[in-house]
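S.K.: Provided below are the primary sequence and the corresponding predicted coordinates.
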Amino acid sequence: MRLTRVYVETCLEAGAALELPPETAAHVAKVLRARVGDGLILFNGDGREFSAEIESVRGARVRASVGPGTFVDRESALAVTLVQSVPRGDRMDFIVQKATELGVARIVPTLSQRSVVRLDARQSEAKATHWRAVVVSACEQCGRNRVPAVEEPRQLIDYLGAAAGGGTRLVLEPDADADTVTRDVAGSVEIAIGPEGGFAPDELEAFHLAGFKRVRFGPRILRTETAAIAALTWLQTQFGDMR
């Protein structure tokens, strides 16, 4: 039987005992109906996972004893940064979840000229907190023991102005030449995905000045959430750990 994986933001040591985070504990106790003696896997993002056993269940509170820890590496050697224009609705949740499953190392939400979504500072902070929770949940499900970074949403131009050029930098553009897909990606790569209406011409020029190469995947125009998944799958298949 597959054991439930639980992320905890605390130091984990064999022999210690801890209470699970409230929301997680409520899920374990109320939904999974866990009992004393049931096994768990705990991780805190440092690359290890720890065996654990439930010591007590009191209402929605769950206490577990921590067993031995083991480094289990499920990370891709290709460090991918997804520069994703924030779409409307809950599609960003979907993108963040699937990007985590596909091994992305970092997610940079951006707001571009044609973005429908507009966020103030308070909303940006709240969105980032929410997306980080989505990432954690995805890590619990897919087995990752390191949690991808999720930055607060920022203006695309600000990101391009501040981002240091390093590794391969790609921007998805439906009008790019068909033969511009690079074949020599290694180490780290950034892939930028536009909003519902695509990037504006001056934004594409800013990408060029920042060292991004225009690429396209096939003759069809993809929705922003489809483009993100297609791009990450292609990168991991060609150069990462899905080969």
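M.R.: Nice, thanks for sending it over.

S.K.: Distance-wise, check residue 44 relative to residue 122.
M.R.: In this view, residue 44 and residue 122 are 28 Å apart by CB to CB, to the nearest Å. No exception for glycine: its C-beta is placed from N, CA and C like everyone else's.

S.K.: So for these two, which residue has more residues nearby?
M.R.: More neighbours surround residue 44 than the other of residue 44 and residue 122, with 19 against 8 (other CB atoms under 10 Å).

S.K.: Could you double-check that residue 20 lies in contact with residue 27?
M.R.: No - when contacts are counted by CB atoms under 8 Å, residue 20 is not listed as touching residue 27 (9.0 Å).

S.K.: What pLDDT is listed against residue 42?
M.R.: Listed pLDDT for residue 42 reads 96.

S.K.: so how far is residue 219 from it?
M.R.: Counting by CB to CB, the gap from residue 42 to residue 219 is 47 Å.

S.K.: So which of those two has more stuff around it?
M.R.: Higher neighbour count among residue 42 and residue 219: residue 42, with 23 against 7, using other CB under 10 Å.

S.K.: hang on, isn't that one packed against residue 10?
M.R.: No - contact criterion CB under 8 Å: residue 42 and residue 10 do not qualify, at 9.3 Å.

S.K.: picking that back up, more neighbours: residue 20 and residue 27, which one.
M.R.: residue 20 (24 against 17).

S.K.: residue contacts, the nearest residue to the more buried one once chain neighbours are set aside?
M.R.: Excluding its sequence neighbours, the residue lying closest to residue 20 (CB to CB, 6 or more residues apart in numbering) is residue 62, at 4.6 Å. The neighbourhood of residue 62, defined by CB atoms under 8 Å, 6 or more residues apart in numbering, consists of 19-20, 24-25, 28-29, 34, 54, 56.

S.K.: Chain neighbours aside, what residue packs nearest to the most centrally placed residue in the chain?
M.R.: Nearest residue to the geometric centre of the chain (CA atoms, centre = their mean): residue 100, 3.7 Å. Distances taken as CB to CB, 6+ apart place residue 138 nearest to residue 100, at 3.7 Å, with adjacent residues excluded.
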